[in-house]
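# compute the structure for the input listed below.
(chains A and B)
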Amino acid sequence: MDILFTQPLLGNSELFFEGYRNTLILAVGALLGASAIGIVGASLKVWGGTLLSPLAGAYVEFFRNTPLLVQLSFFAVLLAPANLGITGSPIVVGLIGLSIYTGAYVTEVIRAGILSVDPRQIETARSLGLSQVQALRLVVLPQAIRTVIPPLGNLAIALVKNTAIVSAIAATELLKVAGIIETRTASFDGYLAALVAYWTLTIPLAIFVDVSERRLGYSR
Amino acid sequence: MRRLIASVIVLAFVVGACSSGPGASAVPSGGAASFAADSTMAKIQANGKLVCGTKFDVIGFGFKNPTNNEVQGLDADLCRAVADRLGVTPEFVEAISANRLPFLTEDKVDIVASTMTVTEERKQEIDFSLVYYVAGQSLLVKKASDIKSVDDLGGKKVCSGEGSTSEKNVRKKAPDAELLLFKTYTEAGQALADARCDAVSTDDTILFGLAQNIPDTELRGGTFTEEPLGIGIKKGKDDFVTFINDTLQAMKADGRLKALYDKNVKPYTGKDVVAPF
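Residues are numbered from 1 along each chain as shown, chains lettered A, B, ... in the order given. The predicted model follows:
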């Protein structure tokens, strides 16, 4: 335990927790953003018709097949006050960038979840007197969720780890503060603490995914 | 005559043999001084090069000229002076604020002359030479900016270098400012150009160079700190610290240091520099 309370860390604890807080903001914010994008994107892909469906497909293929670091660097300059004038805050750029990037993956996972349910089940539900929305909510959704929980959990964990890349556009998150602590004190304690800190974010996530998987899997 | 030469050679061998026991002199290359074999200086001479960490993007101190790939500036010239006195060639490695301490502690470089401020915290980790220049932290802003001094930074975005004293000073003097920390000051300057931040804050010496490259910017509010710059050396090399300090003293005495200030720093600050030791 002693390793967690070394002098380099004690002397810079305020800085460290600022980084921890910002990593948490990035992770939670982008998780919500990516989920929203993913639900909309998957709906468009499946039910969007000839116009919106290819558009959603283009979004997925573009953001899933280009490096996150390049996307973030691009957004940082694109959204800067001197250009589009939207934001100069690296945390906000990070939230936007991570949401869009992860949203592309979430779109694909949810789409696969929806398609995993046999469309004849909707027809059957409709013929039994359920409305289209009821059929989706009561028949498709429960089965789709069961299919998508494990891959979504993996995406959430990957997202938490990807927040570290936002340090490249000068966000003061865990990796950045670990670097600052290293240069202030020439010790690696900051990195060690950062690794443990990421772990405190991903392990509960992994446990949550595991538990909900088992809960939702009751009918199998 | 021939006999005289022969006897001198024999004598040289005898002296050489006698002194090749423990603590013997290394054979110096060129006309450089020789040192005890276990000294830091002798080890560097054996390597044939002095690996020196400098900035590559700070005009006037450490700047790699893209036209000829030569590293120019006061820091680079101090490295050259130390290397000259050892009779070895200097080899320059880019040492940015974020990596220069680890470079020393991990033996990746012999010395760091990288506009590095001497601080108590850093003294715990490395040793410093005499202070060779006193810089001061200032602000670089767009000419249209309403920021006049460090007191106006509350709520503003301030760019600086990761792992620099500048970053710490901004936290202290303007706790309400939002800090954006970049690996190099070139990136910080670009962020100012894009208006991602409202000001770049670091040593005036670095800002003078940045101001040359970013249009419509100027330094504001004078200096609000004193940043004594020193050459960094890994701990446990006291002999080398003494050697570097002697070099600096000698350069001050014979006017070489003044010439280096005039050549590298005065064109940007417009001020005469007096050695602070």
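# retrieve the pLDDT associated with the residue in chain B that chain A sits nearest to.
Here chain B gets closest to chain A at one residue, B:Gly163, 2.7 Å apart by C-beta to the nearest C-beta. Where C-beta positions appear, they are placed from N, C-alpha and C, glycine not excepted. Per-residue pLDDT puts B:Gly163 at 77.
# swap in A:Leu4?
Reported pLDDT for A:Leu4: 52.
# try the one 3 residues further on
Among the per-residue scores, A:Gln7 holds a pLDDT of 78.
# so which bits of chain A are right by chain B?
Within reach of chain B by C-beta under 8 Å from any C-beta of the partner chain, chain A has these residues: A:76-77, A:80-83, A:88-90, A:170-172, A:176, A:179-180, A:182-186.
# in helices, which of those fall?
Those of these mapping onto helices are A:Ala76, A:Val77, A:Pro90, A:Lys176, A:Gly179, A:Ile180, A:Glu182, A:Thr183, A:Arg184, A:Thr185, per DSSP state H.
# wait, which of those residues is closest to A:Tyr101?
Comparing those against A:Tyr101 with C-beta to C-beta places A:Ala76 closest, at 13.7 Å.
# can you tell me which residues contact the most centrally placed residue in chain B?
Nearest residue to the geometric centre of chain B (C-alpha atoms, centre = their mean): B:Ala113, 1.9 Å. Neighbouring residues of B:Ala113 by C-beta atoms under 8 Å, 6 or more residues apart in numbering or on different chains: B:Cys52, B:Gly53, B:Thr54, B:Gly62, B:Asp75, B:Ala76, B:Leu78, B:Cys79, B:Ile231, B:Gly232.
# what two of the residues you listed are the furthest from one another?
Of all pairs in those, the most separated under C-beta to C-beta is B:Ala76 and B:Gly232 at 14.9 Å.
# residue 49: neighbour count?
Chain wasn't specified; assuming chain A. 8 (other C-beta atoms under 10 Å in any protein chain shown).
# other chain: chain B
The number of residues packed near B:Lys49 is 14, by other C-beta under 10 Å.
# now the one 5 residues further on
Residues within reach of B:Thr54, counting by other C-beta under 10 Å, total 32.
# list the beta-bridge partners for it.
B:Glu94 (DSSP bridges).
# surely it is in contact with B:Leu74?
No: counting by C-beta atoms under 8 Å, B:Thr54 stays clear of B:Leu74, with 9.6 Å between them.
# what is in contact with the two at once?
B:Phe61.
# for the chain, what spans make up the helices?
No chain specified, so I'll use chain A. A:7-10, A:13-47, A:49-64, A:68-78, A:90-115, A:119-127, A:132-135, A:141-162, A:174-185, A:189-216.
# was after chain B, sorry
Counting by DSSP H, chain B has helices at residues B:2-18, B:40-47, B:74-86, B:100-105, B:120-123, B:165-173, B:185-193, B:204-213, B:238-253, B:256-264, B:266-269.
# ok, now how distant is B:Val141 from B:Cys159?
B:Val141 sits 11 Å away from B:Cys159, going by C-beta to C-beta, to the nearest Å.
# which of these two has more neighbours?
The neighbour comparison of B:Val141 against B:Cys159 (other C-beta under 10 Å) goes to B:Cys159, with 29 against 26.
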